[in-house]
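Participant: 3D model of this:
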Amino acid sequence: MKLKLTLASLAFAFAMGGPALAADKIKIGYITKFPAPYFQTMEDAAKAWAKDHPNVEIVYGQGTSATDIEGQIALIEKMVAQGVQGIAITPVDPSVSTTLDKVVAGGVKVVLMDNSIPDWKNQTALATTDNFAAGKLAGAFLKSKLKDGDKVGILEAVPGVPALDDRVNGMMEGLKGVSVDIVGKGATSCDQEKGLNLAQDILTANPDVKAFYSACGAPAVGAAQAIKNANLDHHIIVVGFDFCCGEDGPDGTIATGEEDATVAQFPAKMSELGVDALVKALNGEQVESLIDSGAALVTKENLKDFM
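Facilitator: Numbering: from 1, shown residues only. This next block holds a predicted model:
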């Protein structure tokens, strides 16, 4: 018989004493948003970290899409029922905070990774990229390539998710000083096909567009494909975010020049820092509340430094 996990069942578990922290073994949950190379890199890094820390058991879970709120909530509930003492999570949406509030109240520590939950104060720590500062790197690159009046298309990720919005807002900040014309803007849910379709729509209406900026990696590959399909006689600048998604590996579209630049996060480092902070906190150690894992701009010229 399949057990359906509810907040009521969590409350019962907590009423029975909550999760007990064994002196010789720590059990934590690790939840990422959805299937993508970026989140696979994070999970692989957590597994590598766990091999070096045999006293830590990690239970893994992942949502099905960038909007799978119910899936993440179910994973949180399931892991608490399995007796985890802490959860490291890349929250898919701020609304998961209600469930996280209940598990924190029951004694489970929570470390957020990749993005914050606005105005939520119950996390032990946040391990993340400064997405606004990283977006500024992309904007500064575009500023060096564009002039006043040039047309630009923006492939957003999931509007309303603060970390993803910061990538667009940071890019616009870095672009200040050049007055461009934003001729198209829309959500892609970090999906390559959606990025391709949106870029095609923008190109159809504006064949003289000069640049595309994508707040995720996969839609940038989609934009590169849309440009190739359009068979234009001029180069269109493509700048992405996440060094992850070329058809021939993470460097594919950069090496071929189809993508001019991308912002590289360090998901493996982020993952290691997040899990390490969670385990230290469970052991009673003090940890920083904000842990920045850094970012860098990758171009064809410095590509070898990231391989």
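Participant: all contacts plus neighbour counts: C-alpha atoms, from now on.
Facilitator: Noted.
Participant: the strands in the stretch 51-200 of the chain, which residues?
Facilitator: With DSSP state E, counting those that start in this stretch as the criterion, the stretch 51-200 of the chain has strands at 56-62, 86-89, 109-113, 125-128, 151-156, 181-187.
Participant: I figured residue 25 hits residue 55, correct?
Facilitator: Yes. With contact defined as C-alpha atoms under 8 Å, residue 25 counts as touching residue 55 (4.8 Å).
Participant: more neighbours: which of those two?
Facilitator: For residue 25 versus residue 55, neighbours defined as other C-alpha atoms under 10 Å are more numerous around residue 55 (13 against 10).
Participant: residue contacts, the residue nearest to residue 133 when sequence neighbours are not counted?
Facilitator: In space, and not counting its chain neighbours, residue 133 is closest to residue 170: 6.1 Å by C-alpha to C-alpha, 6 or more residues apart in numbering. With contacts taken as C-alpha atoms under 8 Å, 6 or more residues apart in numbering, residue 170 has the following neighbours: 131-136, 139.
Participant: now stretch 271-284: average pLDDT?
Facilitator: When the per-residue pLDDT values of stretch 271-284 are averaged, the result is 97.
Participant: could you count how many residues lie near residue 61?
Facilitator: 21.
Participant: just say helix, strand or coil for the closest residue to it other than its chain neighbours.
Facilitator: Leaving out its chain neighbours, the residue that sits closest to residue 61 by C-alpha to C-alpha, 6+ apart is residue 31, at 4.8 Å. Classification of residue 31 using DSSP: H, G, I helix; E, B strand; the rest coil returns strand.
Participant: residue 275 and residue 33: what is the separation?
Facilitator: Using C-alpha to C-alpha, to the nearest Å, residue 275 is found at 16 Å from residue 33.
Participant: distance of residue 301 from residue 255?
Facilitator: Using C-alpha to C-alpha, one gets 9 Å for the distance from residue 301 to residue 255.
Participant: these two: which has the busier surroundings?
Facilitator: Under the neighbour definition other C-alpha under 10 Å, residue 301 and residue 255 were set side by side, and residue 255 has more, 18 against 11.
Participant: ok, the more buried one - contacts?
Facilitator: 300, 303.
Participant: where do the helices sit along the stretch 1-150 of the chain?
Facilitator: Assigned by DSSP state H, counting those that start in this stretch, the stretch 1-150 of the chain shows helices spanning 7-15, 37-51, 69-81, 97-105, 131-145.
Participant: ok, back up a step: bridge partners for the residue nearest to residue 61, pull those for me.
Facilitator: Beta-bridge pairing for residue 31 (DSSP bridges): residue 61, residue 89.
Participant: for the contacts of residue 170, which entry has the maximal number of neighbours?
Facilitator: residue 135 (30 neighbours).
Participant: my read: it touches residue 164, true?
Facilitator: No. Taking C-alpha under 8 Å as the contact criterion, residue 135 and residue 164 are not neighbours in contact, 9.5 Å apart.
Participant: low-confidence stretches in the protein?
Facilitator: Within the chain, the segments meeting pLDDT under 70 span 1-24, 244-252.
Participant: picking that back up, from residue 59, how far off is the residue nearest to residue 133?
Facilitator: When distances are taken as C-alpha to C-alpha, residue 170 and residue 59 turn out to be 35 Å apart.
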